[in-house]
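> let me see the structure of the following:
(one chain, ligands or ions: 1)
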Amino acid sequence: MSVPKSEYLSNAWAEGIFANRVLFITGGAGSIGRAQTRALVHLGADACIIGRNVEKTEAAAKEIAKVRSGARVLGIGGVDVRNFESLKAAADRCVKELGSIDYVVAGAAGNFVAPIAGLSPNAFKAVIEIDTIGTFNTLKATIPHLIASASRNPNPNRQGTTGGRFLSVSATFHYTGMPLQAHVSAAKAAIDSLMGSAALEYGPYGVTANCVAPGAIAGTEGMERLASSQVKGEDRDKAVPSGRWGTVRDIADATVFVFSDAGNYINGTTIVVDGAGWRRQGGL
Ligand code: HXC
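Coordinates of the predicted model:
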């Protein structure tokens with residue numbers, strides 16, 4: 001059964017704005033990644049989804065392709081973002097089969113709920129390796145393709161380009177610190193920093209590098225695990241100043257904004273999409 005558009009995209013965007021463009025996304029079979037991919041594919045892009053699990057990745061690609069007739073969605077499973085060589089091979093295959101990489105989402109992440117005393121050095125390292133080093137590897141594997149995309153796609157209407165966008169999925173935990181998430185918090189702080197450096201290095205080539213920081217997003221695996229350990233039931237909605245938990249569509253819409261012509265001059269920053277949740281203790 002196909003997923004209704006209202007679950008992954010608002011009505012704010014013109015159809016076809018990403019025609020002839022290709023998204024490369026790690027973690028694209030996860031709940032947020034799936035919505036981001038659906039949104040871009042709906043608006044005209046083709047996509048390449050990278051994941052560790054072969055069946056899950058290929059099934060997600062097939063399902064997302066139904067969003068738009070003629071969409072090409074390639075699922076490349078068996079790729080661990082901790083392994084640069086396999087990511088590079090996936091990026092090269094994406095360009096060979098789909099023609100380019102114009103947008104990248106680094107969404108692969110690892111998470112579990114544990115206090116600092118309950119983290120072995122290897123547990124801390126595992127999350128740093130998946131989140132931070134995985135994002136670095138994704139950036140390194142795709143940046144030549146993003147530079148090529150930016151140079152192929154000067155913006156006809158104003159300065160800047162319409163291709164060559166990198167977006168990391170970050171978090172808000174490191175703004176305040178977060179109990180039971182010291183590992184994830186540290187990993188995401190490093191990702192924010194990495195995007196800032198990438199923006200400085202590659203801005204002159206027309207490439208942008210940003211983060212989107214989701215707050216409490218309903219229905220995601222990580223948030224269900226974390227929030228159920230902190231805030232229960234109906235109290236969850238009340239804990240967010242905007243009065244509700246986020247949806248995967250909120251993150252997909254922010255992604256479309258950053259990748260669209262409207263996001264042309266957004267570079268080296270983080271778009272926080274959390275209903276002001278991080279500003280209130282217990283926002284989770
Ligand atoms: C303490 C734990 C643990 C837990 C694993 N470890 N789970 N320690 N509490 N609950 C420890 C292990 O004992 C081991 O340390 C080390 O972590 C590595 O575990 P492995 O299973 O060997 O590693 P690996 O197979 O690479 O798995 C990585 C993983 C796993 C992060 C542990 O959960 C994973 O692959 N997750 C990917 C999917 C996922 O988490 N998705 C949710 C993303 S949500 P020792 O010392 O025993 O060797 C998300 C949102 C974050 O990221 C922001 C919002 C919440």
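> is stretch 33-48 in proximity to the ligand?
No. When contact is scored as Cβ under 6 Å from any ligand atom, no part of stretch 33-48 falls within range of the ligand; the minimum is 10.0 Å. No exception for glycine: its C-beta is placed from N, CA and C like everyone else's.
> an error on my part: the question was meant for stretch 22-32.
No. Applying Cβ under 6 Å from any ligand atom, one finds stretch 22-32 out of contact with the ligand, separated by at least 6.7 Å.
> could I have that stretch exported to CSV, CA atoms only?
These are the backbone C-alpha positions of stretch 22-32, laid out as CSV (Å, rounded to 0.1, in the frame of the first residue of the first chain):
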residue,chain,number,x,y,z
VAL,A,22,20.0,12.5,-7.6
LEU,A,23,19.9,12.1,-3.8
PHE,A,24,22.5,9.8,-2.1
ILE,A,25,21.3,9.0,1.5
THR,A,26,22.8,6.8,4.2
GLY,A,27,20.2,5.5,6.7
GLY,A,28,17.5,6.0,4.0
ALA,A,29,15.6,2.9,5.1
GLY,A,30,15.1,4.3,8.6
SER,A,31,12.0,6.3,9.5
ILE,A,32,13.3,9.8,9.1
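> just how off-centre is that stretch within its chain?
Between the mean C-alpha location of stretch 22-32 and the chain-wide mean there is a distance of 7 Å, by Cα atoms, centre = their mean, to the nearest Å.
> residues of that stretch that come out buried?
By neighbour count, and taking 16 or more other Cβ atoms under 10 Å as the criterion, the buried residues in stretch 22-32 are Val22, Leu23, Phe24, Ile25, Thr26, Gly27, Gly28, Ala29, Gly30, Ser31, Ile32.
> my guess is the second one meets Ala39, correct?
Spelled out, it's Leu23. No. The pair Leu23 / Ala39 is not scored as a contact, 9.6 Å apart, by Cβ atoms under 8 Å.
> just the element for the nearest residue to Val127 once chain neighbours are set aside, please.
By the measure of Cβ to Cβ, 6 or more residues apart in numbering, the closest residue to Val127 outside its immediate chain neighbours is His183, 4.2 Å from it. Element membership for His183 (DSSP states H and E) is helix 182-202.
> and that helix, does that touch the ligand?
Yes. Interface with the ligand: helix 182-202 contributes Val184 (Cβ under 6 Å from any ligand atom).
> surely Ser149 forms part of a helix?
Yes. According to DSSP: H, G, I helix; E, B strand; the rest coil, the state of Ser149 is that of a helix.
> that older thread, next SSE downstream of the helix holding His183?
Next helix or strand after helix 182-202 toward the C-terminus (DSSP H and E): strand 208-214.
> which bits of the stretch 151-284 of the chain sit near the ligand?
So far as Cβ under 6 Å from any ligand atom goes, the stretch 151-284 of the chain lies against the ligand at Ala171, Val184, Glu221, Gly222, Met223, Leu226.
> turn the buried residues of stretch 22-32 into TSV, columns for secondary structure and distance to Lys56.
Shown next, in TSV, are those (DSSP: H, G, I helix; E, B strand; the rest coil; distance: Cβ to Cβ, whole Å):
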residue	secondary structure	distance to Lys56
Val22	strand	21
Leu23	strand	18
Phe24	strand	18
Ile25	strand	14
Thr26	strand	13
Gly27	coil	11
Gly28	coil	10
Ala29	coil	5
Gly30	coil	9
Ser31	helix	12
Ile32	helix	15
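> so what's the residue nearest to Val127 up against?
For His183, the contact set (Cβ atoms under 8 Å, 6 or more residues apart in numbering) comprises Ala114, Leu119, Ala123, Phe124, Val127, Ile128.
> now do the helices in the stretch 51-200 of the chain.
Secondary structure of the stretch 51-200 of the chain by DSSP state H, counting those that start in this stretch: the helices cover 54-65, 84-98, 121-128, 134-152, 173-176, 182-202.
> tell me which of those helices sits most buried.
Ranked by mean neighbour count under mean count of other Cβ atoms under 10 Å, the helices of the stretch 51-200 of the chain are led by helix 134-152, which reaches a mean of 21.
> tell me what that helix is packed against?
Contacting helix 134-152 under the criterion 3 or more Cβ pairs under 8 Å, 6 or more residues apart in numbering; DSSP states H and E are the following elements: strand 22-26, helix 84-98, strand 103-106, strand 165-169, helix 182-202.
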